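# turn this into a structure:
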Amino acid sequence: MDYFDIDIIVLILIFYLFIAATVAKFGSAREVGGKKTLLVSLAFTPVAGIFYILSSPQKNTLKITHYRCTRCGLEYTDKHRHCPSCRKEGVSSRIEKIKMTTY
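Residues are numbered from 1 along each chain as shown. This is a model prediction of the structure:
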């Protein structure tokens, strides 16, 4: 084998692994999961992994929004302009929005 041939084979292998990992990332949002999708993509082809993903329903996700004080770190479920706890101390601290996704 020529040195040039080995380089091309390594590049193709790296590209194949990258595509399989990308397909597995999309599979993690489905009920089949990312690990099983990665195994199917590696054993067969990433195209088979895509069909495997499409045959599975999506996970039930719940998106939650919380608001956290930047000063004291307390979290609130209701939106406030300033932190109520810090306001009692006479300090107007900023509240930042936090989005979380749970399965």
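# okay, now the domains of this structure?
Per the record, the chain has its domains at 3-54, 62-102, by automatic domain parsing.
# could you redo those as TSV and give each row mean pLDDT and mean neighbour count?
Backbone N, C-alpha and C define where each C-beta goes, glycine included. Formatted as TSV, the domains of the chain follow (pLDDT from 0 to 100; neighbours: other CB atoms under 10 Å):
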stretch	mean pLDDT	mean neighbour count
domain 3-54	92	15
domain 62-102	87	12
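# show me where this protein has helices.
Assigned by DSSP state H, the chain shows helices spanning 3-27, 34-43, 46-54, 84-88.
# so which of those helices is nearest residue 98?
Nearest to residue 98, of all the helices of the chain, is helix 84-88, at 16.5 Å by CB to CB.
# got a list of contacts for the closest one?
69, 71-72, 74, 76, 92-93 (CB atoms under 8 Å, 6 or more residues apart in numbering).
# how about a cut-off of 6 Å?
71-72, 74, 93 (CB atoms under 6 Å, 6 or more residues apart in numbering).
# likewise stretch 75-83?
Residues outside stretch 75-83 that contact it (CB under 6 Å, 6+ apart): 66-69, 92-93, 95.
# farthest-separated two in those residues?
The most distant members of these, if one measures by CB to CB, are 66 and 92, lying 19.8 Å apart.
# list the contacts for the nearest residue to residue 52 once chain neighbours are set aside?
Setting aside the residues directly before and after it, residue 52 is nearest to residue 40 in space (CB to CB, 6 or more residues apart in numbering), at 4.8 Å. Contact partners of residue 40, counting by CB under 6 Å, 6+ apart, are 48-49, 52.
# next up, the contacts around residue 37.
Residues in contact with residue 37 (CB under 6 Å, 6+ apart) are 24, 27, 49, 52-53.
# which of the residues you listed lies closest to residue 35?
Closest to residue 35, out of all of these and judged by CB to CB, is residue 24, at 7.4 Å.
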